[in-house]
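A.B. asks: no sequence on hand, only this structure:
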């Protein structure tokens, strides 16, 4: 037995000596060519935020002219396979939308929202936390896993130090009043970055001018930072005002052009506009019956326009004016994908911008043409639309467009179309040698 152990020990020492001397080479890793492919994510349901809320709560003052709430309130949600999530809803079809009409009170007006799918990174250009304004961010998580969203805010002085981190449960919804994060910021741009499958973000922008409502609308997701953008639908009556809001995360020099039904419109002082990094900048847009703003920059920017429409006050001071507002998110000109939108009540027209000459058409789910118009390059059009609520409309690729909503007395809103295809993500998979701990 002792002799056998001695022999085994000697053999072990010999093998170790050979390896140490380099006579037995270590095994080389197997070489394999990397695999290039695409990953197509599962289609997610689209989500809408639900009804608007009165920022201070529904206060009954005892005087019907001073109460914050309203008995004149209708809410409509449209989409296939809708199911509730928080105060909002999910829909399984290609497009869905909601619209709410509030006849009186602090949030009187039309408020429409396009339902969209969750993403990890999104921008909402709009809202204010100045005195008399409220910015209510609504985050919806339609997925089956928890997610965490980081909210970064930008204002007239650049990126703000104050941030918020919000956790949203699976199939859940969370609200965040931005005035509780930052106060007295009259012009906001909001970035929401989420984990997992992402979230759907909408921003309720509500404003008061003293005791008079100054408008409420949903700020929807705009185009990601890009060098060429278009904001369609900026046309408005003579007494209305339109303000363009811009922000370049890394700074940019921007050229703005106003396009109308007959081509380009004179607009001085907006060539070579310098945007400092992260600084939100606002520019007044000339009054035009029907138009769109073209944005060309030497670096990526985000943008949107706010249209404010006045109306006389009934049973109020002689000089008092009430207003409604609508937000028009910028759309990426380089995105040549067809987009779709769901018609709701109060839709009266489609506003279109043509980057190149061609025929714009809107078709319903059966392929029937609902509206069409031949357009010149860099022109716009407002085409009257007569389509029933619940109709799914798809527009010709290469055009930017939106649905205009109106109702008496002077209520306005907008529905922006969305991509209905599922974008694939390119991936590269390869082998790498394992070096081990401490290597």
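C.D. replies: Cool, got the structure. Small disclaimer: the values here were computed from a predicted structure and weren't measured.
A.B. asks: pLDDT of the lengthiest strand in the chain, averaged?
C.D. replies: Assignment by DSSP state E gives strand 291-312 as the longest strand of the chain. The pLDDT scores in strand 291-312 average 96.
A.B. asks: what's the answer for stretch 417-432, then?
C.D. replies: Averaging pLDDT along stretch 417-432 gives 67.
A.B. asks: now the end-to-end length of stretch 110-127.
C.D. replies: 16 Å (CA to CA, to the nearest Å).
A.B. asks: do the same with stretch 373-383
C.D. replies: 8 Å.
A.B. asks: need the contact partners of it.
C.D. replies: 232, 235, 257, 259-264, 289-292, 294, 349-360, 371, 399, 404 (CB atoms under 8 Å, 6 or more residues apart in numbering). No exception for glycine: its C-beta is placed from N, CA and C like everyone else's.
A.B. asks: list the buried residues of that stretch.
C.D. replies: Applying a neighbour-count criterion of 16 or more other CB atoms under 10 Å, one finds 373, 375, 378-383 buried in stretch 373-383.
A.B. asks: from those, which two are the most distant?
C.D. replies: Spanning the widest gap among those are 378 and 383, at 17.3 Å by CB to CB.
A.B. asks: ok, back up a step: mind listing the strands the helix or strand that the longest strand of the chain is followed by pairs with, and their directions?
C.D. replies: Sequence-wise, the next helix or strand downstream of strand 291-312 (DSSP states H and E) is strand 321-329. Strand partners for strand 321-329, identified by DSSP bridges, are recorded as strand 291-312 (antiparallel).
A.B. asks: now the partner strand: buried residues?
C.D. replies: For strand 291-312, a neighbour-count test (16+ other CB under 10 Å) marks 291-297, 299-311 as buried.
A.B. asks: got it, and stretch 96-110?
C.D. replies: Buried-residue list, stretch 96-110, by 16+ other CB under 10 Å: 96-102, 104-110.
A.B. asks: give me the phi and psi for residue 178.
C.D. replies: When quoted as degrees, to the nearest 10, the phi and psi of residue 178 stand at phi -70, psi -20.
A.B. asks: what's the closest of the buried residues of stretch 373-383 to residue 151?
C.D. replies: Using CB to CB, residue 380 comes nearest to residue 151 of those, at 33.8 Å.
A.B. asks: where do the strands sit along the stretch 1-150 of the chain?
C.D. replies: With DSSP state E, counting those that start in this stretch as the criterion, the stretch 1-150 of the chain has strands at 35-39, 46-48, 73-78, 83-85, 88-91, 97-102, 109-114, 121-125, 133-141, 147-155.
A.B. asks: how far does stretch 222-241 stretch from one end to the other?
C.D. replies: Terminal residues of stretch 222-241 are spaced 21 Å apart (CA to CA).
A.B. asks: distance from that stretch to the middle of the chain?
C.D. replies: Distance of stretch 222-241 from its chain centroid, counting by CA atoms, centre = their mean, to the nearest Å, is 14 Å.
A.B. asks: again with stretch 240-259
C.D. replies: Taking CA atoms, centre = their mean, one finds stretch 240-259 lying 17 Å from the centre of the chain it belongs to.
A.B. asks: got it, and stretch 84-102?
C.D. replies: The mean C-alpha position of stretch 84-102 is separated from the chain mean by 15 Å, CA atoms, centre = their mean.
A.B. asks: quick one: average pLDDT of it?
C.D. replies: Mean predicted confidence for stretch 84-102 is 95.
A.B. asks: okay, now it: how far is its last residue from its first?
C.D. replies: Start to finish, the residues bounding stretch 84-102 are 21 Å apart (CA to CA).
A.B. asks: for the closest residue to residue 188 other than its chain neighbours, what are its contacts?
C.D. replies: For residue 188, ignoring the flanking residues on the chain, the nearest one in space by CB to CB, 6 or more residues apart in numbering is residue 127 at 4.4 Å. Contact analysis of residue 127 by CB under 8 Å, 6+ apart lists 133, 135, 178, 188, 190, 203, 205, 219.
A.B. asks: which stretches of this structure have low pLDDT?
C.D. replies: By pLDDT under 70, the low-scoring segments of the chain are 1-32, 35-43, 56-70, 315-316, 422-439.
A.B. asks: the helices in it, which residues?
C.D. replies: 2-20 (DSSP state H).
A.B. asks: any idea which residue sits dead centre in it?
C.D. replies: In the chain, the C-alpha nearest the mean C-alpha coordinate belongs to residue 221, at 0.4 Å (CA atoms, centre = their mean).
A.B. asks: in the stretch 251-400 of the chain, which spans are strands?
C.D. replies: Shown for the stretch 251-400 of the chain, the strands assigned by DSSP E, counting those that start in this stretch span residues 252-260, 263-265, 273-275, 281-285, 291-312, 321-329, 331-332, 339-342, 347-354, 358-363, 369-375, 379-384, 392-395, 399-407.
A.B. asks: now distance to residue 55 too, for those, in CSV please.
C.D. replies: Shown next, in CSV, are the strands of the stretch 251-400 of the chain (distance: least, CB to CB, whole Å):
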stretch, distance to residue 55
strand 252-260, 33
strand 263-265, 37
strand 273-275, 30
strand 281-285, 22
strand 291-312, 18
strand 321-329, 15
strand 331-332, 29
strand 339-342, 28
strand 347-354, 27
strand 358-363, 36
strand 369-375, 37
strand 379-384, 33
strand 392-395, 33
strand 399-407, 23
